[in-house]
Each structure stands twice: as C-alpha cells, then as structure tokens.
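# any chance you could fold what I've pasted below:
(chains A and B, ligands or ions: 1)
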Amino acid sequence: MGYDKPVPKPNSDTRVFWAGCKDHELRFQKCKECGHVRWPPSVVCPKCYSSETEWIVSKGKGRVYSFVVYHVAFHPAFRDEVPYVTAIVELQEGPHLLTNIVGCKASEIKCDMPVEVIWEDITEEFSLPKFKPT
Amino acid sequence: MGVACLSNYLISYGLFMNSKQLRDKYSIVGVGYTPQGNVPNLTAVSFYLEACVNAILDAGLKKEDIDGLMVYRHFEPLANDTEITPYLIAQHLGIRPSIVGQEANCARGHLINALGLLEAGFCNYVLIAYGDNAFSGRRTFLKEATHGEPEGDNGAFGEFGLVANYALAARRGMHIFGTGPNTWREIAVSQRKWANLNPIAMMSKKGLSYEEYDNAKWLVEPFRIYDACPISDGGRAYIVTSTERARDLKQKPVYIMGIGEYNPSVDVHQSDFMEGPTGAKEAGKIAFTMADISIDDIDACQIYDCFTYTVEVTLQDYGFFKPGEGYDWFKDGRTAPGGDLPVNTSGGLLSEAYFMGLTPLTEGVMQLMSRCGDRQLGPKTDTKKPQIILCSDNGGVFQSNSTVILRSS
Ligand SMILES: [Zn+2]
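Next up, the predicted model:
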C-alpha cells in the first residue's frame, strides 16, 4: 500500500528546503546583510529588508519550544498513530520548525529539552525532518 | 522599536489624544438574535438574514437606514449552501449599502473599521453580522476547528489546525508561567453555570462538574473536550451609530467607551512569544487609554473564548492578575454567578453558542441594556449592577485582538 498521509507541496519559496530534506539537510535562508536566519523562506529579510540571501545548512540541533499530544485522528491516515506528538523545535540557528518528536514517550517530553534531527524517508521524493531527544 | 513601547510612543506623540474625543461618541443600538443551537434545515445565509432583520427591528430602524454592512469571515459552505458574501446578504436584505466589508482570515477589525467609517462620515448606521449552519450542516467541531486539507505542509506532520495551534500556546504557557488544566477547569465550570441561567444557551440544561472535566477525554493534550468550544447553528448581528443618532432610537444606547485593536500577526508556529503577551495587551492599553479608566473600573468581562486558555491569557494580558496567578484568581467562582468579576455571562462560546466575537460583544450590550433575564447582572445573580463591561474578540491564533469597553447610558 502507498503512503497515505499528506505529503509536502513545495512551492517557489519552499522548494530548496524540501530538496534539502531529500538530501537529509535542513536548509534555511540567511540574510547576507544582517545575518538573520529566517523561516519560512521569503524574498526579503523581515529584520532589515535586504533581499541578499544565502542558504545555510542547520546543525539539526535545538530544543522543544512547545508540543502537543494528538489523541484524536483528524485525518484517517493518522488513526493508527494516536497518541502522537507534534512540536515546535527551536533550532540553534533560530528558526522555529513544526515537526514530530519521536523516539520517546509523550510523557517524557518537556519544553526546552534538547533534541536533534532524525530523518524519515516517506516517499521517493520526500523526507521529513523529525526530532528525538539527545 | 519594541512592541511594548509602541503604544507609549504613540500616546506621547498625541496620536491617541484623538481617540479620547471618540469616547462615548458612538453607540450600539440594536442586537439581532435567531434560534440557535441545533436548528436544522436552514442555510447559513438564512441565519445572517434573520439576525440582521432582528437587529434592524430591535434598533427601531428602517432597512433603508443601513448604509454599512460588515460580516465576519466565513468557513467553507456546507450542505450545498452558497458562498457567503456581503453582496449576497445585502441582496436578500434588500439594501444597497455605501460600504460593505468582509474580514478575511479572522482579522477582527469590524467594529473599529465601522467607527472609522462613521467618524469620517461615509456611513451613519453600520450593521455587523455572522451566521452559520455549522451544527446541522454537520461541520463537526473537529472539522471546523481543523483543516481537512491542511494549509501548507503541516499535514505531513499530522498537524491539523486550530485545536493544536492553541494547545501549543497553552503548553508554552504551562511551561513559562505555570498554568494548566486546574485553571482551565475553573473557567469551563464557571461559564457553564452562566449557561445554566441562559435558556438559549446550547448547554443550558447540562451541568458541568469538576469530576466531569477531569474525566473528559483528551482532544489534543493539554486540552480536553471541555476546553474547546462547540459549534452551533444560528446567527447574531448588531448595529452601531453615533450616540447623537442613537438618542432617537428604540433602545437605550450602549456607549463605546473605548476600543483598541492590535495584530501581532505572527503564525503561532513561528512565534517566539508563544506564551504571550497576546494582542490583548496592546489592544487593551489603547482601549483603556481612550476610555480613560483602569481595570479596577470594570464590572464584568465578555472574553472571546474559543478555548478556556484564551480566557485566561487574555485577562492576564489585560492585567487582572500576574502570569501564573490565574488559578488563584479564578478559583472559588470569582467569574461565576455571584462572583466579584463575572466573565462570559451568557455561557460564552464554550457553553452558549459560537458566533465569533459577536457572542461576547452582544452579551456585553444586552447586559448593559438590562435585557438578560435570569442571568442579568445585579441583584438577580448576586453580582454588581454593571455600568462598564470589557469585551474582547480574538482572531487567528492570537494574531488579532480587538478590545471594546462598553458603558451603559
Ligand atoms: Zn537582514
């Protein structure tokens, strides 16, 4: 049976990010003018309005900024997954990324606990960055 | 410039000096209700129309008087219903307003925009409305509060919208200032007691005990089912005009003493101030500056309550208690019937019915018009007879806040 969960839909802004995920790299835009690392991608730095940008690769380390535990499947493909955890991870470089925390029980997760990226190859085309406790 | 000093900056440069001149200059003069709760076999637009007609009649106006029409955003149509637009509503109401508007994506500028139109002279009577057939159209709560087709790439991680979005903020609040379900239980139970005094509340005949709250299923943890508001059929509308014009109308006008709006805008997923302050802090400062009063002058509150936590953090950001002191503040029924500071006296979105920011705002108006029956603030509910009521509306995930201070005439 094929992969039945929603998959990313890259657009002109996010294509580089999802191509990076395929290579197991977390790629973010960094402003060449002020150094701000931004997410989601855009054409202009929200801090200084510079459009001079380079792509950097995150070390993939950060902390759990916040998290929730889904006890209800809002989508049929997640029926066998509940309870599962969605979280915001604050990466060391700055971006806040929506993700899942895996590799531990939901009851063991706390805000601000350190985590690192772990890759889940879901289809030929896509890999998802998930995070586990370090 | 930081968010915190923005309003001080504006105040010191006199931009809000003008707002004080607007104090009490405009009034709400009529409210329209419809049957609500489970009201099957009606389209969404029919609820808008019934609410609008009732508001016009309530104010003692003619339809020709209405020269501004503002409607809330609308979710996707149900049950072969048509797309809700202000044109559709105006057409069916038989009116041709100078100005029509529909807020997108839950920005909550309806009333402040209406005041701008009145002050500039483009309109004389603005009608503001919302309606939906969500309950019988089978927009299940879960579906309404979530995105079946997820926005962006969030669905890839199993993230489906508003319940989890607010739960993320609540979890961060738990971590930073120590709130949690014990506080939210007080809010859910107190509001249910108000609903039990309101015959048209969806939960009018259903009690809610601490035990029921504690034993309820998790929805998206840390939220249980009683932390989230249900959906309903029905509609609600009100009319705003100048206080001068209001004097000739049917109802005792309710003054808009202060109003403020603030849009932090940032998506909760990227917010680095997820635990607050929400837009309520800045919007509240603006509204209180205009009204020229302090929170000590507030007799009751009608707070947008999509989730229990929304009530807590909004009141916290207004300054009713310090971060983390919510439990002590809410316990022992402070906001329930008989309490010092009644909050959400219709039952609110959590226990009355879901009409976006119109549920809290119209309840504030009706209380100040003394038209609330068994739940009327004053001797009937062993509470203070209100002169000033603080109302809030909140949109997106804490992305928009509108704060309105109402005063009886
Ligand atoms: Zn920059």
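# right, and residue B:348 touches residue B:360 too?
Yes. The pair residue B:348 and residue B:360 passes the contact test of Cβ atoms under 8 Å, sitting 6.7 Å apart. In this view, the C-beta of every residue, glycine as well, is placed from N, C-alpha and C.
# any common contacting residues for these two?
Residues touching both residue B:348 and residue B:360 comprise B:302, B:303, B:305, with contact defined as Cβ atoms under 8 Å, 6 or more residues apart in numbering or on different chains.
# only whichever of the residues you listed are buried, select them in ChimeraX.
Applying 16 or more other Cβ atoms under 10 Å in any protein chain shown to the shared contacts of residue B:348 and residue B:360 leaves a buried subset, and the ChimeraX line that selects it is:
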select /B:302,303,305
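# what about the shared contacts of residue B:348 and residue B:360, which are in strands?
Among those, the residues falling in strands (DSSP state E) are residue B:302.
# would you map the strands across the chain?
The chain I'm using is chain A. Listed in chain order (using DSSP E), the strands of chain A are A:27-31, A:37-38, A:53-57, A:61-70, A:84-91, A:96-100, A:114-121, A:127-133.
# the chain in question should be chain B.
For chain B, strands defined by DSSP E occupy the ranges B:26-33, B:68-71, B:99-102, B:125-133, B:218-221, B:223-224, B:233-242, B:254-262, B:300-302, B:388-395, B:400-408.
# center of the chain - which residue?
Since you didn't name a chain, this refers to chain A. Taking Cα atoms, centre = their mean as the criterion, residue A:97 is the residue nearest the geometric centre of chain A, at 4.2 Å.
# chain B was what I was after
Most central in chain B under Cα atoms, centre = their mean is residue B:357, positioned 2.6 Å from the mean C-alpha point.
# what's the local residue count around residue 120?
If you meant another chain, say so; for now it's chain A. Using other Cβ atoms under 10 Å in any protein chain shown, residue A:120 is surrounded by 13 other residues.
# oops, chain B please
Applying the criterion other Cβ under 10 Å, we find 8 residues in the vicinity of residue B:120.
# mind putting the strands of chain B into TSV with mean pLDDT and distance to chain A?
Shown next, in TSV, are the strands of chain B (pLDDT from 0 to 100; distance: least, Cβ to the nearest Cβ, whole Å):
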stretch	mean pLDDT	distance to chain A
strand B:26-33	98	32
strand B:68-71	97	27
strand B:99-102	96	26
strand B:125-133	97	20
strand B:218-221	96	4
strand B:223-224	98	8
strand B:233-242	98	22
strand B:254-262	98	18
strand B:300-302	98	27
strand B:388-395	97	19
strand B:400-408	98	19
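# so residue A:38 touches residue A:95, yeah?
Yes. Under the criterion of Cβ under 8 Å, residue A:38 makes contact with residue A:95 at 7.0 Å.
# overlap of the contact sets of these two?
Contact with both residue A:38 and residue A:95 is made by residues residue A:28, according to Cβ under 8 Å, 6+ apart.
# mind listing what residue B:319 touches?
With Cβ under 8 Å, 6+ apart as the criterion, the residues that contact residue B:319 are B:284, B:295.
# now do the one 10 residues further on
For residue B:329, the set of contacting residues under the criterion of Cβ under 8 Å, 6+ apart consists of B:315, B:320, B:321.
# the nearest residue to residue A:100 once chain neighbours are set aside bridge partners, please.
Nearest residue to residue A:100 in three dimensions, chain neighbours excluded: residue A:130, at 4.7 Å (Cβ to Cβ, 6 or more residues apart in numbering or on different chains). Beta-bridge pairing of residue A:130, defined through DSSP bridges, involves residue A:118.
# my understanding was that residue A:130 contacts residue A:118; is that so?
Yes. The pair residue A:130 and residue A:118 qualifies as a contact (Cβ under 8 Å) at a distance of 5.4 Å.
# pLDDT weak spots in the stretch 101-250 of chain B?
Along the stretch 101-250 of chain B, segments meeting pLDDT under 70 span B:139-151.
# rerun that using 80 as the cut-off
By pLDDT under 80, the low-scoring segments of the stretch 101-250 of chain B are B:138-152.
# cool, chain A as well?
For chain A, counting by pLDDT under 80, the residues that fall below are A:1.
# list the buried residues in stretch B:55-74.
Taking 16+ other Cβ under 10 Å as the neighbour-count basis, stretch B:55-74 is seen to contain the buried residues B:55-56, B:58-59, B:61, B:65-72, B:74.
# which residues touch residue B:70?
Per Cβ under 8 Å, 6+ apart, neighbours of residue B:70: B:86, B:100, B:101, B:102, B:103, B:110, B:113, B:114, B:126, B:127, B:128, B:129.
# tally of neighbours for the third one?
With neighbours defined by other Cβ under 10 Å, the count for residue B:101 comes to 18.
# before we move on, what about the fourth one?
Other residues within reach of residue B:102 by the criterion other Cβ under 10 Å amount to 16.
# test my guess that it contacts residue B:83.
No. Taking Cβ under 8 Å as the definition, residue B:102 is not a contact partner of residue B:83, at 10.6 Å.
# please enumerate the shared neighbours of the two.
Counting by Cβ under 8 Å, 6+ apart, the common neighbours of residue B:102 and residue B:83 are residue B:74.
# ok, and the most crowded of the contacts of residue B:70?
residue B:127 (34 neighbours).
# quick check: bridge partners of it?
As assigned using DSSP bridges, the partners bridged with residue B:127 are residue B:69, residue B:239.
# can you list the residues of chain A near chain B?
Counting by Cβ under 8 Å from any Cβ of the partner chain, the residues of chain A lying close to chain B are A:5-9, A:14, A:18, A:39-40, A:65-72, A:74-75, A:78, A:81, A:83-84, A:86, A:88, A:90, A:95-96, A:98-100, A:106, A:110-112, A:122, A:126, A:128, A:130.
# which among those count as buried?
If you count burial by 16+ other Cβ under 10 Å, the buried members of these come out as A:5-8, A:14, A:18, A:39-40, A:65-72, A:74-75, A:78, A:84, A:86, A:88, A:90, A:95-96, A:98-100, A:111, A:126, A:128, A:130.
# output the strands of chain A as CSV; include the columns distance to residue B:18.
What follows is the strands of chain A, written out as CSV (distance: least, Cβ to Cβ, whole Å):
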stretch, distance to residue B:18
strand A:27-31, 38
strand A:37-38, 37
strand A:53-57, 41
strand A:61-70, 40
strand A:84-91, 40
strand A:96-100, 38
strand A:114-121, 50
strand A:127-133, 50
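# of those, which is nearest the ion?
When the strands of chain A are compared for distance to the ion using Cβ to the ion, the nearest one is strand A:27-31, at 3.2 Å.
# which secondary structure elements does that closest one contact?
Packed against strand A:27-31, as judged by 3 or more Cβ pairs under 8 Å, 6 or more residues apart in numbering or on different chains; DSSP states H and E, are the following elements: helix A:15-22, strand A:37-38, strand A:53-57.
# just want the angle from the last one to helix A:15-22.
Right, strand A:53-57. Using axes from the mean of the first three to the mean of the last three Cα atoms, to 10 degrees, the interaxial angle of strand A:53-57 with respect to helix A:15-22 works out to 10 degrees.
# parallel or antiparallel, list what pairs with strand A:53-57.
Going by DSSP bridges, the partners of strand A:53-57 are strand A:27-31 (antiparallel).
# strand A:96-100 and the partner strand, what's the angle between them?
Here strand A:27-31 runs at an angle of 170 degrees relative to strand A:96-100 (the same axes, to 10 degrees).
# strand A:27-31: how far from the chain's middle?
14 Å (Cα atoms, centre = their mean, to the nearest Å).
# residue contacts, residue B:405?
Residues touching residue B:405, when contacts are defined by Cβ under 8 Å, 6+ apart, comprise B:256-259, B:287-288, B:290-291, B:293, B:298, B:388-391.
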